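Engineer: Here is the input, now give the coordinates:
(2 chains)
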Protein chains: 2
Amino acid sequence: MDRSERLDAISAAVESVARSHGFSAVTIRRVADELGASTTVVTHYFSSRSALVCHVVGRVVSARTDELDAHLEGLRGRAALRAMAGWVVLRPSDDLHRLWLAIVVGAAGDDLLRTELDRFNRWWDERVERHLAELDPPDADPGTLADLLDVVVAGLVVAGVETDALWDHDRRRAVLDRLLVPIGLGEEGPPP
Amino acid sequence: MDRSERLDAISAAVESVARSHGFSAVTIRRVADELGASTTVVTHYFSSRSALVCHVVGRVVSARTDELDAHLEGLRGRAALRAMAGWVVLRPSDDLHRLWLAIVVGAAGDDLLRTELDRFNRWWDERVERHLAELDPPDADPGTLADLLDVVVAGLVVAGVETDALWDHDRRRAVLDRLLVPIGLGEEGPPP
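Structural biologist: This is a model prediction of the structure:
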């Protein structure tokens, strides 16, 4: 493996441990075990557990924000906000949702995770605010609209991973479409 | 301390570690440290980490389900469903919400947490189903209504703990009231 492949493998191992056991289970020893390698394979790249977690979470956050920004290219207002919600909850991304929840839980007791989560939230809030301002007519209460959108999106993320029941695309779509209506983001436009 | 006080203190220590660091951080050593006691204080009551976690999570789940059942006494249909949602998300219960998310995250890699979470979910689903059946007229699609309610409740739980921003009672109430409308649980009754 070259350096880049090795870093990919280490990242995948960290994400796998965090998804299944939370970030407090992520140690250099555990990640090496997950890779079936010795700890020196990890410590060659990362001098500490913090450096390892910081690298992996930062990489995940940056990859997702870049991806969504590309997805939103050219979209404005209602179309952009619907695309943001759909991008998070309608794609097959249980692994990503589990990882995000592990970051949320871990952030309570880990400043490093808190910082990365705040970075993601600032980025998300900035996009939501921008596209809410593009609505025509602009909404009288963009703060509440942003809250409603965040609750619907977060709820679908958790519901999908919380039970063993299958939340397939149609089931998510049905819930999202109905809950976007009171936010004025239903397909037919804002409610009267 | 007598036995009951000691068990209370041990439970509080387990919950505190789990809320801040997730369940994989819950070990007999860590719980003893949190108590400022030796590990024998914990092992006197619990022979293993599994027994400890099982006792505490089972106790939390039972206490919450008993409490909600008492809260719902005499309520039916729409009133009961609104009371269930409000009971979860409108009380000051950030600690409980963090603990629940830690159980959700931990359940991915821990059969014991999975079992307790499933027990709670079955209990919740049974109450929702019962009160949906009491609606007059009964809804044509109770499965989707239950999904909508679960997503709104889960979303408010996560939104409240996910950021450092204050989600006070009024802010939660505003979101809940608007999102209950498309579920037919708005105060004014079902939408046309």
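
Engineer: In stretch A:63-83, which of the residues would be classed as buried?
Structural biologist: A:64, A:68, A:72, A:77, A:78, A:80, A:81, A:82, A:83 (16 or more other Cβ atoms under 10 Å in any protein chain shown). Backbone N, C-alpha and C define where each C-beta goes, glycine included.

Engineer: Now it: average pLDDT?
Structural biologist: The average of the pLDDT scores along stretch A:63-83 is 94.

Engineer: which residues of chain A score low on pLDDT?
Structural biologist: A:188-192 (pLDDT under 70).

Engineer: And the residue of it closest to chain B?
Structural biologist: Chain A approaches chain B most closely through residue A:155 (2.6 Å), counting by Cβ to the nearest Cβ.

Engineer: Need the nearest residue in space to that residue, chain neighbours excluded.
Structural biologist: Nearest non-adjacent residue to residue A:155, counting by Cβ to Cβ, 6 or more residues apart in numbering or on different chains: residue B:155, 2.6 Å away.

Engineer: Just want the angle from the one helix or strand that neighbour maps to to helix A:142-162.
Structural biologist: Residue B:155 belongs to helix B:142-162 when assigned by DSSP states H and E. Using axes from the mean of the first three to the mean of the last three Cα atoms, to 10 degrees, the inter-axis angle of helix B:142-162 relative to helix A:142-162 is 110 degrees.

Engineer: helices or strands next to helix B:142-162 in the packing?
Structural biologist: Under the contact definition 3 or more Cβ pairs under 8 Å, 6 or more residues apart in numbering or on different chains; DSSP states H and E, helix B:142-162 sits against helix A:94-107, helix A:142-162, helix A:169-180, helix B:77-89, helix B:94-107, helix B:111-133, helix B:169-180.

Engineer: thought residue A:16 was touching residue A:34?
Structural biologist: Yes - taking contacts as Cβ atoms under 8 Å, residue A:16 lies within contact range of residue A:34: 6.0 Å.

Engineer: which residues touch residue A:39?
Structural biologist: Listed by Cβ atoms under 8 Å, 6 or more residues apart in numbering or on different chains, the contact set of residue A:39 reads A:28, A:29, A:32.

Engineer: now the residues you listed: which count as buried?
Structural biologist: In the contacts of residue A:39, the ones that pass as buried (16+ other Cβ under 10 Å) are A:28, A:32.

Engineer: Tell me who's in contact with residue A:117.
Structural biologist: Residue A:117 touches A:103, A:104, A:107, B:162, counting by Cβ under 8 Å, 6+ apart.

Engineer: how far away is it from residue B:128?
Structural biologist: Remark: distance between residue A:117 and residue B:128 (Cβ to Cβ, to the nearest Å) = 31 Å.

Engineer: likewise residue A:50?
Structural biologist: Counting by Cβ to Cβ, the gap from residue A:50 to residue B:128 is 43 Å.

Engineer: Of these two, which one has the most company?
Structural biologist: residue B:128 (21 against 12; other Cβ atoms under 10 Å in any protein chain shown).
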